[in-house]
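1. Pasting a predicted model and its sequence here:
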Amino acid sequence: MVADKVMQKCDAIDGLKDGLIDDPRKCDFNPARDVAACSAGSDGPDCLTAEQAAAIAKVYSGPSSNGKPFFPGYMPGSEAVTGLFGGGTGSAWLNVIVTTQPDRKPADFNLAEGTIQYLAPKPPKPDYDYQTFDFDRDPHVLDAWSKLADAKNPDLSKFQKRGGKLLMT
């Protein structure tokens with residue numbers, strides 16, 4: 001339902017109604033404003049509760065640290081229904097940030113948990129609960145890992161001297 005509302009609002013922004021959102025950054029979609037709100041105390045397939053709208057808005061905005069964006073969120077349109085393996089359809093968020101199995105975490109949460117337990121801290125902290133990570137207090141925990149994993153240096157001269165070839169899509 002949310003994917004349909006996003007598409008209705010943002011598909012034609014580029015001047016062509018073609019089932020594609022050309023630049024999601026131009027899409028001014030707000031789930032609390034652009035999706036029907038459920039009446040107090042109810043929940044249904046054609047509306048969002050205030051809590052659901054707030055959760056979706058958080059997914060779009062991404063985490064912040066000390067009042068500033070820390071990491072980008074998911075763009076409007078990323079929740080769209082897509083073809084899945086085996087020919088079925090479902091939300092593109094399934095098993096990425098929304099689990100389909102109550103006893104399992106979605107992929108992004110597994111990645112966050114593994115990184116914060118085994119890759120970022122020295123020595124590893126297998127009992128660390130990634131849900132306790134505080135974006136205002138704890139980003140420094142990722143500094144050493146960031147130096148290894150983040151592409152922050154645009155200087156490719158050493159790569160070029162070694163004969164490296166870069167493919168971009």
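-> Now that the structure is in, tell me what you want to look at. All figures in this text were calculated on a predicted structure; none of them were measured in a lab.

2. okay, now the residue nearest to Ala32 when sequence neighbours are not counted: neighbour count?
-> Distances taken as C-beta to C-beta, 6 or more residues apart in numbering put Ala53 closest to Ala32, at 4.1 Å, once the chain neighbours are dropped. C-betas here are computed from N, CA, C, even on glycine. Ala53 is flanked by 20 other residues according to other C-beta atoms under 10 Å.

3. How about the contacts made by Ala53?
-> With contact set as C-beta atoms under 8 Å, 6 or more residues apart in numbering, Ala53 has these partners: Pro31, Ala32, Val35, Ala37.

4. Going through the residues you listed, which ones are buried?
-> Neighbour counting by 16 or more other C-beta atoms under 10 Å classes Pro31, Val35 among these as buried.

5. Name the next helix or strand following the helix or strand hosting the residue nearest to Ala32 along the chain.
-> For Ala53, the enclosing helix or strand under DSSP states H and E is helix 50-61. Read in the C-terminal direction, the helix or strand following helix 50-61 is strand 64-65, with elements assigned using DSSP H and E.

6. Other residues contacting that next one?
-> Outside strand 64-65, the residues that touch it by C-beta under 8 Å, 6+ apart are Phe70, Phe135, Asp136, Pro139.

7. chain center to the very next helix or strand once past it: distance?
-> In the C-terminal direction, the helix or strand that comes right after strand 64-65 (DSSP H and E) is strand 68-69. Taking the mean of its C-alpha atoms, strand 68-69 sits 15 Å from the chain's own mean (C-alpha atoms, centre = their mean, to the nearest Å).

8. same thing with stretch 112-130?
-> 20 Å.

9. For this protein, which segments count as helices?
-> Taking DSSP state H to define them, one finds helices in the chain at 2-10, 31-34, 50-61, 107-114, 143-149, 157-161.

10. roughly how far apart are the residue nearest to Ala32 and Lys5?
-> As defined by C-beta to C-beta, to the nearest Å, Ala53 lies at a distance of 11 Å from Lys5.

11. where do the contact lists of these two overlap?
-> Shared contacts of Ala53 and Lys5 (C-beta under 8 Å, 6+ apart): Pro31, Val35.

12. Tell me the one of the contacts of Ala53 nearest Thr99?
-> Out of these, the one with the shortest distance to Thr99 is Pro31. That distance is 20.1 Å, counting by C-beta to C-beta.
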